[in-house]
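>>> okay, sequence plus prediction incoming.
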Amino acid sequence: MRVDVREAVFDPGAELTAFSAGRTDMGAVVTFTGVVRDTGDNQLQVMEIEHYPGMTESALTDIARTAVERWSLGDVLIIHRHGRLVPGEVIMMVATASRHRKDAFEAAEFLMDYLKSRAPFWKREITAAGTSWVEARDDDEAALDRWRG
Amino acid sequence: MDVLYFAWVRERIGLPRETVETSAATVAELVEELRAREERYAAAFADISALRVAINQELTDFDASLDGAREVAFFPPMTGG
């Protein structure tokens, strides 16, 4: 299990290769990569991601640990960037490895749902028109219901 | 204790962290004290349903006790991923 909170660019392909290397016991590896998206109408120039050093690492570690307890996983990887990013840049990735695909897929979705609204990151969009904080969506909170009970 | 502010809470209050001497027993009482200080605090804490709080870097509720709290952080709902 690895959690990496960083400002620097990373290569998701290289991370996937390293994550999968030597795991002959794992039949399934699922990855999700989040990319800064320009909505088109506002011409996003920069996305700034603020975080809470210390809590970010512990929250992500807790989320990863919960996934490991809940599904049969050989390994979990979470990488999340902060700082100034431009459209097209990779923000974050998660990877899960399991013997069969169901656990890897479900655990990856679980990680994404929880880190969207339970890991202390805040996005701010800088466009030609000005600067605004990205608001949390009700959908993001509702997505957690799926994993409860 | 150290009180930290993030995102628009930090912007409204105008600083990222400060040391606060308080006898507040709960987060809600601490919020009341901060609100009473100055307009910028009142503005930041106008609607606590729009805020989240962490004690010692763990998410909690506004009715949580400050017993053992070394660090309290206020911020808007998180937008990771």
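Sure, I can see it. Numbering: from 1, shown residues only, chains lettered A, B, ... in the order given.
>>> can we go C-alpha only for contacts and neighbour counts from here?
Noted.
>>> residue boundaries of the helices in the chain?
All of this is about chain A. Under the criterion DSSP state H, helices of chain A are mapped to A:12-20, A:55-70, A:101-118, A:138-142.
>>> my question was about chain B
Counting by DSSP H, the helices of chain B are B:7-13, B:27-37, B:39-44.
>>> quick one: closest of those to A:A21.
Relative to A:A21, the nearest member of these by CA to CA is helix B:7-13, separated by 38.6 Å.
>>> who touches that closest one?
A:50, A:122, A:133, B:4-5, B:16, B:40-41, B:43-44, B:74-76 (CA atoms under 8 Å, 6 or more residues apart in numbering or on different chains).
>>> one step back: A:A59: which of the helices of chain B is closest?
Nearest of the helices of chain B (CA to CA): helix B:7-13, 17.7 Å.
>>> burial measure for B:R70, as a count.
13 (other CA atoms under 10 Å in any protein chain shown).
>>> ok, A:G13 next?
Neighbour number of A:G13 under other CA under 10 Å is 9.
>>> stretch A:134-144 near chain B at all?
Yes. Against chain B, stretch A:134-144 shows contacts by CA under 8 Å from any CA of the partner chain at A:134-136.
>>> returning to that earlier point: who wins on neighbours among the contacts of helix B:7-13?
A:W122 leads the contacts of helix B:7-13 on contacts (other CA under 10 Å) with 27 neighbours.
>>> that residue is in contact with A:H51, isn't it?
Yes. A:W122 lies in contact with A:H51 (CA atoms under 8 Å); the separation is 6.3 Å.
>>> that older thread, most tightly surrounded among the helices of chain A?
helix A:101-118 (a mean of 21; mean count of other CA atoms under 10 Å in any protein chain shown).
>>> give the contact list for A:A95.
Going by CA under 8 Å, 6+ apart, the list of residues near A:A95 reads A:16, A:19, A:29-32, A:76-78, A:108.
>>> ok, what's across the strand from it?
A:T31, A:L77 (DSSP bridges).
>>> how many other residues sit next to A:E7?
Neighbour number of A:E7 under other CA under 10 Å is 14.
>>> got the contact list for it?
A:81-83.
>>> in CSV: the residues you listed, plus neighbour count and pLDDT.
Shown next, in CSV, are these (neighbours: other CA atoms under 10 Å in any protein chain shown; pLDDT from 0 to 100):
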residue, neighbour count, pLDDT
A:R81, 23, 98
A:H82, 21, 98
A:G83, 15, 98
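>>> let's see which of these end up in strands.
When the contacts of A:E7 are checked against strands (DSSP state E), the matches are A:81, A:83.
>>> and the residue of chain B found nearest chain A, what does it touch?
Nearest to chain A, among the residues of chain B, is B:G80, at 4.2 Å (CA to the nearest CA). The contact partners of B:G80, taken as CA under 8 Å, 6+ apart, are A:115-123.
>>> CSV for these, including distance to A:R6 and pLDDT?
CSV is the format used below for the contacts of B:G80 (distance: CA to CA, whole Å; pLDDT from 0 to 100):
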residue, distance to A:R6, pLDDT
A:L115, 15, 95
A:K116, 17, 94
A:S117, 19, 91
A:R118, 18, 95
A:A119, 14, 97
A:P120, 14, 98
A:F121, 12, 98
A:W122, 15, 98
A:K123, 15, 97
